[in-house]
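> can't give you the sequence, but here's the structure:
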C-alpha cells in the first residue's frame, strides 16, 4: 500500500486557501467594522469542514506514522477549538435587522433563534458528536494538545 497520494489525485485545498485569501483581500478592508453573522456562519462551516479533513488524515496517517498522526490530531483539536469560538462569536454578534446584540446570559442559555440561524447550531452539534468520539475533555482543555514522541 502506498503511503502517498497518486500524482493524478486532484488537490482542491490550494483553491480553498486561495478563495479565503481572495475573500479577505476583497471584503475585509472595505467591509463593515463588525463581522456579520453570515460571515461567521461561513467561517464556522469552513472550520468544521477543515476539522473533518484533518480527522480523516489523522486517522489514516496515525496508523502508518504515529508521530505525524499525533501532530495531525493536535491540529484537529485546535481547529475544533477555533470552530467552537467562532460559534460563540456568532451568538454574540448583532442580529440582522435589529442590530440587537444578545446579552451574555442569553447566549449562555442557548436560546433558540429559529431558522435559518439554527443552521450553525445544527452543524456545530453534528461536529461536536464526532469531537466527543475522537477527543477527551482533557484534550480539549489542555494548553498543549500535541504528544511528544522520541
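Happy to help now that I have it. Note that this is a predicted model, so its numbers are computed, not measured. Residues are numbered from 1 along each chain as shown.
> by mean pLDDT, point me to the weakest helix or strand of the protein.
Of all helical and strand segments in the chain, the minimum by mean pLDDT, DSSP states H and E falls on helix 104-109, at a mean of 56.
> mean confidence (pLDDT) on the next helix or strand after that one, please.
Moving toward the C-terminus from helix 104-109, the next helix or strand (DSSP states H and E) is helix 118-134. With pLDDT averaged residue by residue, helix 118-134 scores 87.
> show me what whichever helix or strand comes after helix 118-134 is packed up against.
Downstream of helix 118-134, the first helix or strand assigned by DSSP H and E is helix 137-141. Where contact means 3 or more C-beta pairs under 8 Å, 6 or more residues apart in numbering; DSSP states H and E, helix 137-141 is packed against helix 66-92. Where C-beta positions appear, they are placed from N, C-alpha and C, glycine not excepted.
> skipping adjacent residues, who's closest to the residue nearest the centre of the chain in space?
Centroid check for the chain by C-alpha atoms, centre = their mean gives residue 47 as the closest residue, at 2.5 Å. Among residues not flanking residue 47 along the chain, residue 83 sits closest, at 3.9 Å (C-beta to C-beta, 6 or more residues apart in numbering).
> show me what contacts that neighbour?
The contact partners of residue 83, taken as C-beta atoms under 8 Å, 6 or more residues apart in numbering, are 44, 47-48, 51, 124, 127.
> low pLDDT regions in the chain?
1-9, 31, 102-118, 143-150 (pLDDT under 70).
> what residues of stretch 69-82 count as buried?
Neighbour counts over stretch 69-82 (16 or more other C-beta atoms under 10 Å) mark 69-77, 79-81 as buried.
> mind putting the residues you listed into JSON lines with distance to residue 91?
Written out in JSON lines, the entries for the buried residues of stretch 69-82 read as follows (distance: C-beta to C-beta, whole Å):
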{"residue": "69", "distance to residue 91": "34"}
{"residue": "70", "distance to residue 91": "33"}
{"residue": "71", "distance to residue 91": "31"}
{"residue": "72", "distance to residue 91": "29"}
{"residue": "73", "distance to residue 91": "28"}
{"residue": "74", "distance to residue 91": "27"}
{"residue": "75", "distance to residue 91": "25"}
{"residue": "76", "distance to residue 91": "23"}
{"residue": "77", "distance to residue 91": "22"}
{"residue": "79", "distance to residue 91": "19"}
{"residue": "80", "distance to residue 91": "17"}
{"residue": "81", "distance to residue 91": "16"}
